[in-house]
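Colleague: How does the following fold in three dimensions:
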Amino acid sequence: MKTALITGANQGIGFETAKQLSELGYYVYLGSRDKMKGLEAIRNLKNLGISDAELIELDITNINSIQNAKQILESKIESLDVLINNAGISGGPNQNISTGEIGNLRKVFDTNFFGAVETTQAFLSLLKKSDEPRIVNVSSELGSLAVHNSTQNPNYAIYDAYSCSKTALNAFTVMLANELRNTNFKINSVTPGYTATNLNHYTGTKTIAEGASVIVKYATLGKDAPTGNFFGEAGALDW
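Modeller: The predicted structure is shown next:
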């Protein structure tokens, strides 16, 4: 049975991604920084008839938590097939890049970028033992410089810290994919689209199931699939 670790999986898109992967036959480890919320998520999966899932307590902004989660997972499995860096924060209001608080920018990057990088680095040794390792970095259209350069949408400007963090995450995707290009790894950035989650106060136009399905698609790519790209529901996106 293939295995997957999903960060921020106790709710929203992360939880739905866990559900959909489990339904495809994966054993899923739900990463959650809040143990009680993680256990509740496991109970919710069991109520849906899904038993091949368990909690991994994981705060991606805390290196000790990451290392502890790694040790726990290493004691349970010999290899990890899929890592989905899903955990993220919006950063709240006042993100205009010319006036936004640097402290808030750092906080957003700590989760959306540095947290994803440190988590990936920690679990690479387990992923390398898989025959078909897959990494999905959950990004956003707001991480696309091409989108920002061509849009006149005033709403985009209020998410500058979030957008910058996702642009950096996309860069990490490219760099890591290039480093591992001669291996079996498939590493891609994926945007679920404007999905109704607590990140946007449920104002998104896509359902959580729709958003998660895009992530699942690229987490389960075959051996001839692309790596080092940025994908959305309709296919490849401009960086």
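
Colleague: tell me, what residue is most central in this protein?
Modeller: The centroid of the chain falls nearest to Asn86 when counting by C-alpha atoms, centre = their mean (2.2 Å).

Colleague: I'd like to know how far that residue sits from Thr99.
Modeller: 30 Å (C-beta to C-beta, to the nearest Å). (Glycine included, C-beta is placed from N, CA and C.)

Colleague: before we move on, the earlier item: please report the distance of the residue nearest to the centre of the chain from Pro192.
Modeller: 9 Å.

Colleague: what is in contact with the two at once?
Modeller: Ile13, Val138, Ile215 (C-beta atoms under 8 Å, 6 or more residues apart in numbering).

Colleague: would you list those in CSV and tack on distance to His148 and neighbour count?
Modeller: Formatted as CSV, the shared contacts of Asn86 and Pro192 follow (distance: C-beta to C-beta, whole Å; neighbours: other C-beta atoms under 10 Å):
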residue, distance to His148, neighbour count
Ile13, 23, 28
Val138, 19, 28
Ile215, 23, 25
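
Colleague: Inside helices: which ones of those?
Modeller: Among the shared contacts of Asn86 and Pro192, the ones falling in helices (DSSP state H) are Ile13, Ile215.

Colleague: List just the nearest of the shared contacts of Asn86 and Pro192 to Ala157.
Modeller: Closest approach between the shared contacts of Asn86 and Pro192 and Ala157, by C-beta to C-beta: Val138, at 22.2 Å.

Colleague: ok, now which ones touch the closest residue to that closest one other than its chain neighbours?
Modeller: Residue nearest to Val138 in three dimensions, not counting chain neighbours: Asn86, with 4.6 Å by C-beta to C-beta, 6 or more residues apart in numbering. By C-beta under 8 Å, 6+ apart, the contact set of Asn86 is Ile6, Thr7, Gly8, Ala9, Ile13, Gly14, Thr17, Val138, Ile215.

Colleague: and if you look at Thr7?
Modeller: Gly14, Gly31, Leu58, Ile60, Ile84, Asn85, Asn86, Ala87, Gly115, Ala116, Thr119.

Colleague: List only those of those residues flagged as buried.
Modeller: Neighbour counting by 16 or more other C-beta atoms under 10 Å classes Gly14, Gly31, Leu58, Ile60, Ile84, Asn85, Asn86, Ala87, Gly115, Ala116, Thr119 among these as buried.
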